[in-house]
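1. quick one, structure for this:
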Amino acid sequence: MATEDSLSRAEELLAKLEAARGELDRMAQGGESGGESASPERALEILAELSELAKSVEEELDRAKRAAEADAAQS
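-> Numbering: from 1, shown residues only. Below is the predicted model of the structure:
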């Protein structure tokens, strides 16, 4: 169960990561979304968010791997 929970959280985080990456792509192409201007400050915020999300995904995948290994050891 812990493995599935970690994988589900990782999938949710990946979806957030993809959304942030999409926003950054739109900014890079000069598009504006929701009236926001494509400022360098916002781009840096998105890059920081991408970094944090990537770290969180990696942590969840590590948890899932450890849980799977623990389950395998018990079997």
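2. ranges for the helices of the protein?
-> Defined through DSSP state H, the helices belonging to the chain, from first to last, are 2-28, 40-74.
3. could you give the angle of the first one to helix 40-74?
-> So the one you mean is helix 2-28. Taking axes from the mean of the first three to the mean of the last three C-alpha atoms, to 10 degrees, one finds that helix 2-28 is oriented at 160 degrees with respect to helix 40-74.
4. what residues of helix 2-28 count as buried?
-> Within helix 2-28, the residues scored as buried using 16 or more other C-beta atoms under 10 Å are 3, 6-7, 9-10, 13-14, 17, 20, 23-24, 27. All C-beta spots, glycine's among them, are computed from the backbone N, C-alpha and C.
5. need these in CSV (columns: distance to residue 55 and pLDDT).
-> Output for these, formatted as CSV (distance: C-beta to C-beta, whole Å; pLDDT from 0 to 100):
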residue, distance to residue 55, pLDDT
3, 20, 89
6, 14, 92
7, 17, 92
9, 13, 95
10, 12, 94
13, 10, 96
14, 13, 96
17, 10, 96
20, 13, 96
23, 19, 94
24, 17, 93
27, 22, 90
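6. mind showing which ranges of this protein have poor pLDDT?
-> 1, 31-38 (pLDDT under 70).
7. before we move on, back to that, which one of the buried residues of helix 2-28 is nearest to residue 54?
-> For residue 54, the nearest member of the buried residues of helix 2-28 is residue 17. The distance, counting by C-beta to C-beta, is 6.5 Å.
8. and the gap between that closest one and residue 57?
-> Here residue 17 is placed at a distance of 7 Å from residue 57 (C-beta to C-beta, to the nearest Å).
9. next up, the contacts around residue 22.
-> With contact taken as C-beta atoms under 8 Å, 6 or more residues apart in numbering, residue 22 is in contact with no other residue.
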